[in-house]
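J.: model this:
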Amino acid sequence: MSKPLRRPSDCGPPRGWFVVIPAGVFGLLVAACGPSTPSAAPEPPAATSSRATAVGAPTTTALRQVPRLRPETKVVPVGYHVLSLSCPTASFCIGVGTEDTIAGTSGFSVTYQGGAWSAPVSLEPPSGSVSEQINAVSCPSSSFCMAVDAGGSALEYLGGNWSAPVAVDPGGDLSSVSCLATSACTAVDSTNAVFTYDGSQWSAHSAQGNGSQGLVAVSCSLPSSCIALGDFGSAFVESDWTWSPPVPIAPNDDHASGPALDSVSCVALSAFCVAADSGGHAWTWTNGTWSPASTADPPLAACVGPAGSVSSSSSAGGCGLAGSMWVSCPTVSYCMAADSLGQESTWDGRSWSPPAKVDQAGFSALSCASARFCEAIDSRGDAVSLGSLRP
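T.: All right, here's what the predicted structure looks like:
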């Protein structure tokens, strides 16, 4: 079954581990998602405002990290929908998604390189199967990416070319993938199945807990340490190749009837990640512990109450569920969240900034290569470059 177009992708969660990593290792593993750098344009001056403060943190007034917004760049024409974006560097991105055709839907990819976006490239489904959309992509470098589709297949991007689809989860629906290297990828499907890639072949595993709980997003900080998010507000943590039972971080979330966990992003070689839901809430995972949900952290704090409920209050920017929210964390002190209402918010290591409306169409994919630059694609197929003004 094909994923709804609201599917975020993303880069995933961390796992419970406590090790000392030599500094030199950091050059070997790169976080799976990041932004690209489009054409230059004048930047707006920085503004000063109060940031929303996380629960338990002292109230402070800090320099607002105003998003750096450049003119939109058309990436794909009408009929193409980018569902996932991965940018390992500021000069390389790959987006994947679904193309509407007379016969149904088929997957495609689009590449940002050399300062420009390529034309969409069709990715053929496996022989004998129906056309499938590409749900997610993860690129640890500009020379390697892994994509997964709604038909249970994986496609490898190596040296500028895509492989034919490889059946990983026949009859399944792979929803998300996270790669730290060419020999370290983890994918999850719409049940509770987990698949790992060692550079030559895929192996099947299973997250513990209720098998009916679909997994919607995954992110890894080490090859044996990942976090996966479930349909019904639970997170699964992998540590040393073993998956934990579900941890209900957002017990009121439910894809069928209300806010749902959407996206997770973990910083490579760290014990830090952020999960976000479609109600505008965010949770941080630090050294094995999840923070509580807070109405101060998420981008839609002014409109959304405790996890799973919507307040009747309103704001100048409009009120309502985010619809979908994507989060990308290049470092433990910088994350960006963007939603399908076209709002963005940034994390500075302690708290989230107030939401800023930066796109009228609403975002469908996000990836940050650094605090200086994040790339987002909206529902019209336009790329919007966002980033902090801080050095």
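J.: what's around residue 194, how many residues?
T.: 22 (other CB atoms under 10 Å). C-beta coordinates here come from the backbone N, C-alpha and C atoms, glycine included.
J.: I'd say it and residue 177 touch.
T.: No: under the criterion of CB atoms under 8 Å, residue 194 makes no contact with residue 177, lying 10.9 Å away.
J.: Tell me the residues that contact both of these two, please.
T.: Residues within reach of residue 194 and of residue 177 at once, by CB atoms under 8 Å, 6 or more residues apart in numbering, are 186-188, 218.
J.: And residue 237, how far from residue 247?
T.: 7 Å (CB to CB, to the nearest Å).
J.: Comparing those two, which shows the higher neighbour count?
T.: Between residue 237 and residue 247, counting by other CB under 10 Å, residue 237 is the more crowded of the two (24 against 15).
J.: Helix, strand, or coil at the more buried one?
T.: Following DSSP: H, G, I helix; E, B strand; the rest coil, we place residue 237 in the strand state.
J.: hang on, it packs against residue 249?
T.: No: if you go by CB under 8 Å, residue 237 and residue 249 don't touch, sitting 10.4 Å apart.
J.: what about residue 287, how many neighbours?
T.: 11.
J.: Next: residue 329.
T.: Neighbour number of residue 329 under other CB under 10 Å is 28.
J.: Give me the pLDDT value at residue 32.
T.: On the pLDDT scale, residue 32 is placed at 35.
J.: And for residue 100?
T.: Value for residue 100, per-residue pLDDT: 80.
J.: where do the helices sit along the stretch 51-200 of the chain?
T.: For the stretch 51-200 of the chain, no helices are identified by DSSP state H, counting those that start in this stretch.
J.: Low-confidence ranges, it, go.
T.: Low-confidence segments of the stretch 51-200 of the chain (pLDDT under 70): 51-72, 102-104, 124-131.
J.: swap the cut-off to 80 and go again
T.: 51-72, 101-105, 124-132 (pLDDT under 80).
J.: Does residue 288 touch residue 247 like I think?
T.: No: the pair residue 288 / residue 247 is not scored as a contact, 10.4 Å apart, by CB under 8 Å.
J.: residues shared between the contacts of those two?
T.: residue 237.
J.: what's the neighbour count on residue 290?
T.: Residue 290 is flanked by 18 other residues according to other CB under 10 Å.
J.: try the one 3 residues further on
T.: A count of neighbours around residue 293, defined by other CB under 10 Å, yields 24.
J.: Residue 276 is in contact with that one, correct?
T.: No: counting by CB under 8 Å, residue 293 stays clear of residue 276, with 10.6 Å between them.
J.: Common neighbours of the two, please.
T.: Between them, residue 293 and residue 276 share these contacting residues under CB under 8 Å, 6+ apart: residue 283.
J.: For the residue nearest to residue 202 when sequence neighbours are not counted, give its distance to residue 145.
T.: Take residue 202 and drop its neighbours on the chain: the residue closest to it by CB to CB, 6 or more residues apart in numbering is residue 168, 4.7 Å away. Per CB to CB, residue 168 is found 15 Å from residue 145.
J.: And these two? Which one has more around it.
T.: A count of neighbours by other CB under 10 Å puts residue 145 above the other of residue 168 and residue 145, at 28 against 23.
J.: ok, now which ones touch that one?
T.: Each residue near residue 145 by CB under 8 Å, 6+ apart is listed here: 86, 94, 137-139, 156-157, 179.
J.: one step back: list the contacts for the residue nearest to residue 202?
T.: Contacts of residue 168 (CB under 8 Å, 6+ apart): 148, 152-154, 174, 187, 195, 202.
J.: I'd like to know which of those residues are buried.
T.: 148, 152-154, 174, 187, 195 (16 or more other CB atoms under 10 Å).
J.: wait, which of these is closest to residue 350?
T.: The nearest member of those to residue 350, counting by CB to CB, is residue 187 at 32.7 Å.
J.: What residues are bridge-paired with that closest one?
T.: Note on residue 187: beta-bridge partners by DSSP bridges are residue 177, residue 195.
J.: So residue 192 is in contact with residue 207, correct?
T.: Yes: the criterion here is CB under 8 Å, and residue 192 meets it with residue 207 at 4.6 Å.
J.: Kindly point out which residues are neighbours of both of those two.
T.: Overlap of the contact sets of residue 192 and residue 207 (by CB under 8 Å, 6+ apart) consists of 215, 236.
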